[in-house]
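Peer 1: for reference, the sequence and a predicted model appear below.
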Amino acid sequence: GQQVMQIPQYQHVQEGEDFTTYCNSSTTLSNIQWYKQRPGGHPVFLIQLVKSGEVKKQKRLTFQFGEAKKNSSLHITATQTTDVGTYFCAALTQGGSEKLVFGKGTKLTVNP
Amino acid sequence: GAGVSQSPSNKVTEKGKDVELRCDPISGHTALYWYRQSLGQGLEFLIYFQGNSAPDKSGLPSDRFSAERTGGSVSTLTIQRTQQEDSAVYLCAKTSGAYNEQFFGPGTRLTVL
């Protein structure tokens, strides 16, 4: 079945540094969603990208959808300790049951 | 989270016992998912219900796991003859909203002794 590969698995940064996580698929995606899970919490929806080459911003977070709709990235500028958590991308499978498939996530830790 | 409740919040059981985990999506939804998350790990898909279609059970790890959804709403995940490797947080999520995004419940933390 369709898989969404996410890298890196872990990322440790100093507060103020930038952070990026990447999602890749071998097949064209209809859309991609991003979620954040704080330590001890449950995943929370951040954003959805649908269009080829789409870029969306939420304060210090920038989300991109590749031109070929096979990859996406989440970039955080000047990380803060509140950014700590695991970031997941997710995409709908094509055909069949069309369920949402999650990447394995990138766990971000921020050193103050 | 956003209209999804799960019970119990914590469950400690002995190896070999059966457990039932409950998910109530409360308000409207288009689909319901169960996931398992081991400590520090990602989301492991278990099962997916949508409308009146047959559930997608492709993620269930063994025949000890089963799930049902009654009346198109409340869902129960049953684990028979629990094993220690079943210990994890079990998350339920409903699909709803403008983007058909997933809203997760708070999860049930299962510990098998």
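Peer 2: That came through, no problem. Residues are numbered from 1 along each chain as shown, chains lettered A, B, ... in the order given.
Peer 1: could you look up the SS state of the most centrally placed residue in chain B?
Peer 2: For chain B, the residue sitting closest to the mean C-alpha position, by Cα atoms, centre = their mean, is residue B:34 at 3.4 Å. Put simply, residue B:34 is strand when judged by DSSP: H, G, I helix; E, B strand; the rest coil.
Peer 1: pretty sure it contacts residue B:44?
Peer 2: No: using Cβ atoms under 8 Å as the test, residue B:34 is too far from residue B:44 to be in contact (9.6 Å). All C-beta spots, glycine's among them, are computed from the backbone N, C-alpha and C.
Peer 1: which pLDDT value does the model give the residue of chain B most remote from its centre?
Peer 2: Each residue of chain B has a distance to the centre, and by Cα atoms, centre = their mean the biggest one is for residue B:98: 23.0 Å. We have a pLDDT of 81 for residue B:98.
Peer 1: can you check residue A:94 too?
Peer 2: For residue A:94, the predicted pLDDT is 64.
Peer 1: next: residue A:13.
Peer 2: Reported pLDDT for residue A:13: 97.
Peer 1: got the contact list for the strand or helix carrying residue A:35?
Peer 2: Residue A:35 belongs to strand A:32-37 when assigned by DSSP states H and E. Identification of contacts with strand A:32-37 by Cβ atoms under 8 Å, 6 or more residues apart in numbering or on different chains yields A:23, A:43-49, A:63, A:65, A:72, A:74, A:85-91, A:100, A:102, A:105, B:99, B:101-102.
Peer 1: mind doing that once more with 6 Å?
Peer 2: A:43-49, A:72, A:74, A:85-91, B:101 (Cβ atoms under 6 Å, 6 or more residues apart in numbering or on different chains).
Peer 1: distance of residue B:13 relative to chain A?
Peer 2: Look at residue B:13 and chain A: by Cβ to the nearest Cβ, to the nearest Å, they are 22 Å apart.
Peer 1: re earlier: so how far is the strand holding residue A:35 off the chain centroid?
Peer 2: 5 Å (Cα atoms, centre = their mean, to the nearest Å).
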